[in-house]
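**Student:** only geometry, no sequence info:
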């Protein structure tokens, strides 16, 4: 994610192992979900209308209960739960009562009549919600008298959209369907699989995703325009093409021609560095007309503030293009480093953002060497050193112990000092060894989670 005020995370732990040792039975002490309740896959259906704040939905979560559970806790913010049940392996349904903690309004406790033993089963929830939080979670935007729905799930936004296990260590496939007004288009992280229209409503069924954490889910709904030029698609090693498109608000698609065309050039440099092709099924870029975050790396549906993608080619300046290229390279870098391999907990957010920032500098220096990107970075490092000289300056890898630590993780220390320190690592061990370590780290942890220690170990081996 880029834009220091636009993204945010939540709470404690030093490594993947420590993440799994969060206190069981006292969730409110650590603000961590029980590691013995493990989601394996989701099916999510939302009935949403950009013109209306209220919506409804259904969530079905395949779960493994490693130990007996008297109450299953998950995240849900301001949803009215119509029904909840647990269906065990034999097909028996156990109705569940609903509880919330007054000091943790986004925690949802579901309690069956008798405790559930260790087993696998499916949690089913029907609910009602309201899109009330502007520019966060799943939210509505009015632009030029037309209504749209967009999303910003990092870090705690998914729980505002639907009940879920909203921690990055829970990385599983999602199968999503959206029922929207028939005059609107709908997009998700994955390709459309089928469409059904009944009366004035159309249901869009999307393909099951690769394993994803909840904070990387994204959607876009409304009278959207779509720009696609087959010449800008990207050839894959197997001979197929990766389709690249830009989604805009109504009437804006033609302003995205340059951003679409240049994506192919940036991707060629990026794929060459990582030594592997783009790992997801599609690449849609969304120009969002009202977006607090600068951009967000949702795989398959990357969202951007629209000023970063929409240009008049006759008047665009190098400064505008540099802003586009640096942000775009940052988010595309996250696709491998953050999406393909994901931090288990928010204390490693620095690694996600520092790497993407460092990586963008490297890629843009190759894309447009005439911009002298490193000189700009040097100015940033000087600013960071001034900030870092303050006795109250924090560590790069700051433990997330309370929600009050969340905003602190999205600042110049994370992005700028983290960038500078990674550059020092690269200088210390050499460019080739550094790149080899990155490639090995991605290969070893693909589709899973990894920590800072895992990356350092890969560098040591390289």
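**Tutor:** Received it, and whenever you're ready, just let me know what you need. Just so you know, these numbers come straight off a predicted model, no measurement behind them. Numbers count the residues shown, from 1 in each chain.

**Student:** how about the host helix or strand of residue 128, which residues are buried there?
**Tutor:** Element membership for residue 128, per DSSP states H and E: strand 119-130. Neighbour counts over strand 119-130 (16 or more other C-beta atoms under 10 Å) mark 121-127, 129 as buried. The way it works is simple: take the backbone N, C-alpha and C, and place the C-beta from them, glycine included.

**Student:** now swap in stretch 323-337 and tell me
**Tutor:** Under 16+ other C-beta under 10 Å, the buried positions of stretch 323-337 are 324-337.

**Student:** between those residues, which sits nearest residue 208?
**Tutor:** residue 335 (18.5 Å; C-beta to C-beta).

**Student:** for that closest one, what are its contacts?
**Tutor:** Listed by C-beta atoms under 8 Å, 6 or more residues apart in numbering, the contact set of residue 335 reads 278-280, 297, 299, 302.

**Student:** buried ones among those residues?
**Tutor:** 278, 280, 297, 299, 302.

**Student:** dump the residues you listed into a markdown table; add distance to residue 68, secondary structure and pLDDT as well.
**Tutor:** Formatted as a markdown table, the buried ones among the contacts of residue 335 follow (distance: C-beta to C-beta, whole Å; DSSP: H, G, I helix; E, B strand; the rest coil; pLDDT from 0 to 100):
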| residue | distance to residue 68 | secondary structure | pLDDT |
| --- | --- | --- | --- |
| 278 | 43 | coil | 97 |
| 280 | 38 | coil | 98 |
| 297 | 38 | coil | 97 |
| 299 | 36 | coil | 98 |
| 302 | 42 | strand | 98 |
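
**Student:** tell me where the model's unsure across this structure.
**Tutor:** Where the chain drops to pLDDT under 70, the residues are 2-30, 403-404, 406-410.

**Student:** rerun that using 80 as the cut-off
**Tutor:** Residues of the chain meeting the criterion pLDDT under 80: 1-31, 101-103, 376-377, 380, 394, 396, 398-414.

**Student:** which residues of it fall in helices?
**Tutor:** Per DSSP state H, the chain carries helices over the ranges 16-19, 27-30, 158-161, 257-274, 318-336, 349-367, 373-388, 412, 418-429, 431-445, 452-461.

**Student:** what's the burial count for residue 449?
**Tutor:** Applying other C-beta atoms under 10 Å, we find 20 residues neighbouring residue 449.

**Student:** got it, and residue 314?
**Tutor:** 5.

**Student:** distance of it from residue 222?
**Tutor:** 29 Å (C-beta to C-beta, to the nearest Å).

**Student:** show me where the stretch 101-250 of the chain has its strands.
**Tutor:** 104-111, 119-130, 137-143, 146-152, 174-181, 185-188, 192-198, 201-206, 219-222, 225-228, 234-235, 241-242, 244-248 (DSSP state E, counting those that start in this stretch).

**Student:** just checking, what packs against the longest one?
**Tutor:** To tie it back to what came earlier, the one meant is strand 119-130. Where contact means 3 or more C-beta pairs under 8 Å, 6 or more residues apart in numbering; DSSP states H and E, strand 119-130 is packed against strand 54-65, strand 80-88.

**Student:** how far does the longest one sit from its chain's centre?
**Tutor:** Between the centre of strand 54-65 and the centre of its host chain there is 19 Å, according to C-alpha atoms, centre = their mean, to the nearest Å.

**Student:** mind listing what's buried along that strand?
**Tutor:** Burial within strand 54-65, assessed by neighbour count using 16+ other C-beta under 10 Å, is assigned to 55-63, 65.

**Student:** and those residues as CSV, adding distance to residue 309?
**Tutor:** Formatted as CSV, the buried residues of strand 54-65 follow (distance: C-beta to C-beta, whole Å):
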residue, distance to residue 309
55, 27
56, 32
57, 30
58, 33
59, 32
60, 35
61, 34
62, 37
63, 39
65, 44
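
**Student:** before we move on, back to that, minimum distance to residue 254: which of the helices and strands packed on strand 119-130 has it?
**Tutor:** strand 54-65 (31.8 Å).

**Student:** strands paired with the closest one, and their directions?
**Tutor:** Strand 54-65 pairs in its sheet with strand 37-47 (antiparallel), strand 119-130 (antiparallel), by DSSP bridges.

**Student:** if we only consider the contacts of residue 335, which is nearest to residue 146?
**Tutor:** Ranked by distance to residue 146 (C-beta to C-beta), the contacts of residue 335 are led by residue 302 at 22.1 Å.

**Student:** for that closest one, give its distance to residue 448.
**Tutor:** 21 Å.

**Student:** now swap in residue 262 and tell me
**Tutor:** Applying C-beta to C-beta to residue 262 and residue 448 gives a distance of 32 Å.

**Student:** who has more neighbours, those two?
**Tutor:** Just comparing residue 262 and residue 448: by other C-beta under 10 Å the higher neighbour count belongs to residue 262, 17 against 14.

**Student:** show me what contacts that one?
**Tutor:** Contact analysis of residue 262 by C-beta under 8 Å, 6+ apart lists 324-325, 328.

**Student:** save those residues as CSV, and put in distance to residue 461 too.
**Tutor:** What follows is these, written out as CSV (distance: C-beta to C-beta, whole Å):
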residue, distance to residue 461
324, 36
325, 32
328, 31
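
**Student:** ok, residue 324 touching residue 309?
**Tutor:** Yes - contact status for residue 324 versus residue 309: in contact at 6.9 Å, counting by C-beta atoms under 8 Å.

**Student:** quick check: neighbours shared by those two?
**Tutor:** Shared contacts of residue 324 and residue 309, defined by C-beta under 8 Å, 6+ apart, comprise residue 259.

**Student:** what's the nearest residue to residue 443 if we skip its chain neighbours?
**Tutor:** Nearest residue to residue 443, sequence neighbours excluded (C-beta to C-beta, 6 or more residues apart in numbering): residue 276, at 8.0 Å.

**Student:** just checking, the one you found touches residue 336?
**Tutor:** Yes - between residue 276 and residue 336 there is a contact under C-beta under 8 Å: 7.5 Å.
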